[in-house]
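everything below, folded, please.
(one chain, ligands or ions: 2)
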Amino acid sequence: MGVDIMLNKMTVRDIDCKGKRVFCRVDFNVPLDKEGRITDDTRIVAALPTIKHIIAQGGRLILASHLGRPKGTPKPEFSLAPAAERLGQLLGQTIGMAPDCVGAEVAKLVADLPEGEVLMLENVRFHKGETDNDAAFSAQLAALADVYVNDAFGTAHRAHASTEGVARILSPAVAGFLIEKELRYLGQAIAEPVRPLVAVLGGAKVSDKLPAIESLLEKVDVLIIGGGMAYTFLKAKGYDLGHSLIEEERLGMAAELMQRAATKGVALLLPEDHVAASEFKADAESRICGNDDFPAGWMGLDIGPKTVARFSEVLSKAGTVVWNGPMGVFEFDAFAKGTFAVAQVLADSKAVSIIGGGDSAAAAKKSGLADRMTHISTGGGASLEFLEGKELPGIVALTDK
Ligand SMILES: Nc1ncnc2c1ncn2[C@@H]1O[C@H](COP(=O)(O)OP(=O)(O)O)[C@@H](O)[C@H]1O
Ligand SMILES: O=C(OP(=O)(O)O)[C@H](O)COP(=O)(O)O
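Numbering: from 1, shown residues only. Ligands and ions are numbered 1, 2, ... in the order given. A predicted model of the protein is given here:
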């Protein structure tokens with residue numbers, strides 16, 4: 001899928017929202033701390049242009065999102081109430097918070113929703129039908145509204161009920177401004193990238209993002225793997241990395257990918273050293289170690305100084321860098337150095353820098369260098385799949401012009 005697809009899709013500019021019930025899927029999957037406070041509101045801020053546009057037109061705005069992976073049952077820690085509250089602060093108006101996303105009580109709240117007002121539905125993933133893209137659940141969501149707007153770029157790679165199913169029922173189904181902007185930036189960056197093109201992968205969604213590597217190897221000159229993603233590769237090379245994040249069932253795939261990179265002549269860089277910790281805690285005992293002397297039972301929570309130096313050297317020579325997934329558990333200050341070091345090299349270089357992912361965006365912001373990047377995408381998996389050339393179901397399902 002290329003950026004051209006957007007030329008054929010209707011956008012929020014093409015519809016009149018006045019008096020209409022507008023179902024707008026956003027990605028408010030924001031990071032929260034243990035007390036349930038939002039630690040980074042980038043994704044909420046990014047949806048504001050579309051939200052403000054619908055409100056200004058006098059639309060009756062129904063916002064839907066997921067948060068985390070509650071696996072089909074209501075869990076209070078995954079409530080969207082904090083996101084609704086933050087949105088209210090940003091807009092300077094009260095946002096209604098529904099107790100659920102479907103059902104009679106929600107239908108009543110929608111029926112009573114005045115023009116220019118906003119109702120936030122509760123987490124769509126509190127229902128299994130969401131991730132199953134269940135037809136009956138999609139129909140229940142669709143029954144709430146007249147038109148559909150998708151501005152959830154971060155979730156556009158998921159064919160779920162609120163991203164794909166509803167778009168197949170409500171007409172028109174249009175794209176919001178964020179989706180439009182993301183595709184424009186990402187499309188430009190990869191159409192004819194300034195080379196060398198370097199991809200940096202990290203983070204924790206290993207099995208989700210590992211398959212992307214196969215097609216990335218067709219496009220990039222260098223692939224750097226750090227963060228939680230690296231340990232499955234290092235284990236596949238035979239190293240013992242204690243209790244680090246390792247996806248045992250993906251070891252074969254990791255080995256194959258390393259083989260493929262070698263055959264294609266793509267340099268694949270893995271960490272040479274680590275900041276290992278005795279446990280997964282902000283103030284855990286920690287130690288720098290190599291791949292060969294990893295302390296038994298410990299876990300790697302950041303890349304070490306030698307790795308930072310090696311990655312920095314390669315990155316400083318890049319023409320374009322696509323970065324997805326932090327280099328360590330940057331939420332803990334003791335394990336944030338690797339991630340911040342990579343952000344610093346990108347900030348200091350002339351390379352086109354594209355950062356993707358909710359946590360990666362949060363890390364870039366925390367580093368204080370976010371405004372020195374070319375583009376920070378609100379989607380990690382979504383931007384990767386787009387860069388791979390895959391179709392994003394949440395966009396494909398929208399109405400053609
Ligand atoms: N070595 C590691 N071990 C465990 N978790 C890690 C490690 N490195 C990074 N992470 C975690 O990865 C998470 C982000 O992963 P992911 O969701 O894939 O990124 P993004 O949201 O940017 O797409 C962060 O919460 C971070 O703490
Ligand atoms: O945070 C997200 O993706 P990302 O971590 O790849 O950026 C999106 O909200 C999608 O969430 P999901 O990967 O649980 O479907």
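
would you mind naming what in the chain lies close to ligand 1?
202-205, 227-228, 245, 300-301, 324-326, 328-329, 331, 357-360, 380 (CB under 6 Å from any ligand atom). In this view, the C-beta of every residue, glycine as well, is placed from N, C-alpha and C.

intersect those residues with the contacts of ligand 2.
Okay, of the residues of the chain next to ligand 1 touching ligand 2 (CB under 6 Å from any ligand atom), that's 205, 357-358, 380.

among the residues of the chain next to ligand 1, which ones are buried?
202-203, 205, 227-228, 245, 300-301, 324-326, 328-329, 331, 357-360, 380 (16 or more other CB atoms under 10 Å).

can you give me the neighbour number for residue 211?
By the criterion of other CB atoms under 10 Å, residue 211 has 16 neighbours.

tell me which of the buried ones among the residues of the chain next to ligand 1 fall in helices.
Under the assignment DSSP state H, those contribute 358-360 to helices.

so where does residue 288 fall, helix or strand?
Counting by DSSP states H and E, the element that carries residue 288 is strand 286-290.

re the thing from before, give me the lowest-pLDDT entry from the ones in helices among the buried ones among the residues of the chain next to ligand 1.
Lowest pLDDT of those: residue 358, 86.

who's in contact with that residue?
27, 29-31, 40, 42-43, 154, 378, 380 (CB atoms under 8 Å, 6 or more residues apart in numbering).

looking at these, which are in helices?
If you go by DSSP H, the contacts of residue 358 have 42-43 in helices.

for my notes, please list the contacts of residue 358 in JSON lines and give pLDDT and distance to residue 282 for each entry.
Formatted as JSON lines, these follow (pLDDT from 0 to 100; distance: CB to CB, whole Å):
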{"residue": "27", "pLDDT": "98", "distance to residue 282": "27"}
{"residue": "29", "pLDDT": "97", "distance to residue 282": "23"}
{"residue": "30", "pLDDT": "96", "distance to residue 282": "20"}
{"residue": "31", "pLDDT": "94", "distance to residue 282": "15"}
{"residue": "40", "pLDDT": "93", "distance to residue 282": "17"}
{"residue": "42", "pLDDT": "93", "distance to residue 282": "22"}
{"residue": "43", "pLDDT": "96", "distance to residue 282": "24"}
{"residue": "154", "pLDDT": "96", "distance to residue 282": "26"}
{"residue": "378", "pLDDT": "95", "distance to residue 282": "26"}
{"residue": "380", "pLDDT": "92", "distance to residue 282": "23"}
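
out of the contacts of residue 358, which is nearest to ligand 1?
residue 380 (2.4 Å; CB to the nearest ligand atom).

residues contacting that closest one?
Going by CB under 8 Å, 6+ apart, residue 380 touches 154, 203, 205, 209, 324-325, 356-360.

give the contact list for the nearest residue to residue 10 once chain neighbours are set aside.
Of all residues not flanking residue 10 in the chain, residue 174 sits nearest, at 4.3 Å (CB to CB, 6 or more residues apart in numbering). Contacts of residue 174 were listed using CB under 8 Å, 6+ apart, and they are 9-12, 14-15, 147-150, 398-399.

contacts for stretch 32-43 next, please.
Applying CB under 8 Å, 6+ apart, the contact partners of stretch 32-43 are 26-31, 44, 67, 77, 79, 82-83, 86, 90, 154, 331, 358, 361-362, 365-366, 376, 378.

let me know the secondary structure of residue 385.
Using DSSP: H, G, I helix; E, B strand; the rest coil, the structure places residue 385 in helix.

could you double-check that it sits in contact with residue 157?
Yes: Residue 385 is within contact range of residue 157, at 4.4 Å (criterion: CB atoms under 8 Å).

what do those two both touch?
Counting by CB under 8 Å, 6+ apart, the residues touching both residue 385 and residue 157 are residue 392.

who's in contact with residue 394?
Taking CB under 8 Å, 6+ apart as the definition, contacts of residue 394 comprise 25, 150, 152, 155-159, 163-164, 167.

now the contacts of residue 380 in a markdown table, with distance to residue 281?
Listed next are those as a markdown table, based on distance: CB to CB, whole Å:
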| residue | distance to residue 281 |
| --- | --- |
| 154 | 28 |
| 203 | 19 |
| 205 | 22 |
| 209 | 25 |
| 324 | 26 |
| 325 | 21 |
| 356 | 28 |
| 357 | 24 |
| 358 | 22 |
| 359 | 18 |
| 360 | 22 |
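
follow-up on the earlier one: so what touches the strand holding residue 288?
272-278, 295, 298, 301, 304-306, 334-335.

and if you look at stretch 129-144?
21, 23, 62, 64, 66, 72, 101-103, 106-107, 110, 124-125, 127-128, 148, 158-162, 164-166, 168-170.
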